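**Student:** sequence and predicted structure, then a few things I'm wondering about:
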Amino acid sequence: MGQDIAARRFTADDFSRFTARLAAETGLLARQLREGEFARSGYTAGFELEAWLLDRNYFPSPSNESYLARLSSPLVVPELSRFNVELNRTPRPLRSDVLAALERELRATWQHCLDVAHEQESTLVLIGILPTVREQDLSLANISPLNRYFALNEQILRLRGGRPIQLDIRGREHLSLTHVDVMLEAATTSFQLHLQVAPEEAARFYNASLILSAPMVAVSANSPFLFAADLWDETRVPLFEQAVDTGDDAHPQSRRVTFGSGYLSASALEVFEENQSNFPVLLPILFAGAEEEFAHLRLHNGTIWRWNRLLIGIGDDARPHLRIEHRVMPAGPTIADMIANAALYYGAVRVLAGLRPAPENHLPFPVARENFYRAARDGLSARLTWLDGREVETRQLLLDHLLPMAREGLMRLEVDPADSERCLDLLAARIRLGQNGSAWQRAHMAKYGRDPCRLTADYLEHQRSGMPVHEWSV
């Protein structure tokens with residue numbers, strides 16, 4: 001979905017020809033994985049980070065066309081709405097000074113982004129859901145003018161039989177509304193970690209990522225409010241799932257945004273075969289390149305947003321590789337917070353994926369899935385079931401098990417110990433104090449009332465200070 005497409009409307013022949021090419025590429029994938037043609041280089045880290053453009057009054061600024069033209073950076077690209085942009089990171093081997101390098105490059109890119117925004121009297125903020133976003137902002141008038149986004153909207157509504165989107169979120173309060181397009185998705189911005197792994201390890205790392213999703217979303221939660229309603233600690237989760245729901249209640253396995261249908265038993269191929277079997281084609285664009293580029297398979301995969309997604313990339317040497325996209329975390333509150341979250345994920349997933357017997361043998365998939373939604377709803381106060389079958393408080397699980405696991409994993413990866421300790425110490429302080437982004441936003445609301453503009457202004461001031469969120473005052 002990161003690429004644009006040539007058309008917005010399609011014929012039955014387009015769908016038929018695309019489906020045939022998708023089947024051929026899925027078959028080719030099976031052969032190449034079986035015959036060892038995928039890259040087996042060491043672990044590689046990267047990320048995508050989505051941000052909001054704001055005007056001087058702290059409302060969304062639908063100006064990414066002029067902004068991106070002025071910025072002129074290949075690392076920063078449009079998102080669904082005209083008030084969002086996406087920052088990307090050059091992939092880097094997951095070892096040595098990787099955490100410091102990730103942070104250093106992100107800070108440099110972010111500062112350049114801020115400087116250019118200030119030139120056009122706007123600014124940027126990293127937050128899961130912007131408190132000042134209004135439902136009227138989320139309309140096709142503010143969609144980024146790329147064919148892929150218009151086509152996505154039309155095809156989602158086609159699968160829904162033209163019925164509007166129904167949003168119904170029950171959290172601390174209840175929000176229910178009807179929306180006529182997919183632009184509700186634009187209210188969600190995230191920090192997505194990438195991890196390239198060898199094909200023979202992909203299933204284990206994917207399953208480990210599923211297990212880690214609950215504590216990761218709890219520790220990073222930063223999206224408690226939508227349209228002034230106090231909902232989940234990470235409201236981004238139910239919002240995104242419902243915003244592009246195809247409405248096929250008879251086939252819930254074909255919903256486009258989910259936790260997934262189960263663990264992988266042996267191979268990454270299982271995900272792509274499920275994509276082919278269970279998910280109707282949304283964007284039947286035909287490509288002229290070689291079958292080995294997997295263009296149709298990759299585009300189809302890009303229209304299925306599991307919270308952990310397997311991706312196929314093509315390296316500079318033209319060899320394909322596999323990577324995991326861990327999509328559960330929101331943007332913000334600060335760069336230091338996000339890099340600390342990355343340290344937790346990369347370290348803990350390295351250990352979990354290597355455990356024998358496999359941890360997925362001890363934590364049934366329905367339990368891992370329930371953990372995820374509990375953590376998204378209740379954040380650090382959630383009670384989660386862990387590998388021994390016992391329920392435990394999320395903060396205790398993080399402090400007693402996952403931080404030590406992450407420390408061990410980063411050591412195995414030969415990540416600089418000083419960088420590892422700095423990141424994990426920051427996380428430990430956040431967990432002990434119980435102040436992630438959502439907790440701070442709710443504390444602000446309790447003190448100052450429902451004032452989205454003041455909340456956004458104070459949040460932005462703290463973010464600019466660079467202090468991690470556990471040090472923010474209210």
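**Tutor:** Happy to help now that I have it. Numbers count the residues shown, from 1 in each chain.
**Student:** rest of the way, CA atoms for contacts and neighbours
**Tutor:** Fine.
**Student:** following element in sequence after whatever helix or strand Glu370 lives in, please.
**Tutor:** When secondary structure is defined by DSSP states H and E, Glu370 falls within helix 365-378. Moving toward the C-terminus from helix 365-378, the next helix or strand (DSSP H and E) is strand 383-385.
**Student:** residue boundaries of the helices in the stretch 1-150 of the chain?
**Tutor:** Assigned helices in the stretch 1-150 of the chain, in chain order: 12-34, 64-71, 98-119, 147-159 (criterion: DSSP state H, counting those that start in this stretch).
**Student:** I misspoke; the intended subject was the stretch 151-300 of the chain.
**Tutor:** Secondary structure of the stretch 151-300 of the chain (DSSP H, counting those that start in this stretch): helices at 199-220, 236-243, 269-278, 295-301.
**Student:** the stretch 351-474 of the chain now?
**Tutor:** Counting by DSSP H, counting those that start in this stretch, one finds helices in the stretch 351-474 of the chain at the ranges 365-378, 394-397, 403-412, 417-433, 437-448, 452-465.
**Student:** adding distance to Val244, mean pLDDT and mean neighbour count, write the ones you listed out as CSV.
**Tutor:** Converted to CSV, the helices of the stretch 351-474 of the chain look like this (distance: least, C-alpha to C-alpha, whole Å; pLDDT from 0 to 100; neighbours: other C-alpha atoms under 10 Å):
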stretch, distance to Val244, mean pLDDT, mean neighbour count
helix 365-378, 18, 98, 22
helix 394-397, 30, 98, 20
helix 403-412, 34, 98, 20
helix 417-433, 33, 98, 18
helix 437-448, 24, 98, 19
helix 452-465, 26, 98, 17
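**Student:** dump those into CSV; add distance to Leu239 as well.
**Tutor:** Rendered in CSV, the data for those read as follows (distance: least, C-alpha to C-alpha, whole Å):
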stretch, distance to Leu239
helix 365-378, 11
helix 394-397, 23
helix 403-412, 29
helix 417-433, 25
helix 437-448, 16
helix 452-465, 19
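**Student:** which stretches of the chain have low pLDDT?
**Tutor:** Judged against pLDDT under 70, the low-scoring parts of the chain cover residues 1-7, 248-254.
**Student:** go with 80
**Tutor:** Applying pLDDT under 80 to the predicted model, the residue ranges of the chain that meet it are 1-8, 247-254.
**Student:** His296: neighbouring residues, count only.
**Tutor:** Here the neighbour count serves as a burial measure; for His296 (other C-alpha atoms under 10 Å) it reads 25.
**Student:** hmm, Arg21 and it touching each other?
**Tutor:** Yes: taking contact to mean C-alpha atoms under 8 Å, the distance of 6.7 Å between His296 and Arg21 places them in contact.
**Student:** now name the helix or strand holding the residue most central in space within the chain.
**Tutor:** The centroid of the chain falls nearest to Arg327 when counting by C-alpha atoms, centre = their mean (2.6 Å). Assigned by DSSP H and E, Arg327 belongs to strand 320-330.
**Student:** sorry, back to before: and the residue nearest to the centre of the chain, how far is that from Arg236?
**Tutor:** With distances defined as C-alpha to C-alpha, to the nearest Å, the gap from Arg327 to Arg236 amounts to 11 Å.
**Student:** what sits against the closest residue to Pro224 other than its chain neighbours?
**Tutor:** Counting by C-alpha to C-alpha, 6 or more residues apart in numbering, Asp233 is the residue found nearest to Pro224 once chain neighbours are left out, at 4.6 Å. If you count contacts by C-alpha atoms under 8 Å, 6 or more residues apart in numbering, Asp233 has them with 218, 221-224, 376-379, 438-439.
**Student:** in TSV: the helices of the stretch 1-150 of the chain, plus mean neighbour count and distance to Ile314.
**Tutor:** Rendered in TSV, the data for the helices of the stretch 1-150 of the chain read as follows (neighbours: other C-alpha atoms under 10 Å; distance: least, C-alpha to C-alpha, whole Å):
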stretch	mean neighbour count	distance to Ile314
helix 12-34	16	13
helix 64-71	16	26
helix 98-119	16	22
helix 147-159	19	21
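**Student:** of these, which is nearest Val392?
**Tutor:** Between Val392 and these, the shortest gap by C-alpha to C-alpha is with helix 98-119, which sits at 29.5 Å.
**Student:** neighbouring contacts of that closest one?
**Tutor:** Defining contact as C-alpha under 8 Å, 6+ apart, one finds that helix 98-119 is touched by 53, 67, 70-71, 89, 92, 123-124, 335-336, 339, 343, 415-416, 419-420.
**Student:** sweet, I'm off.
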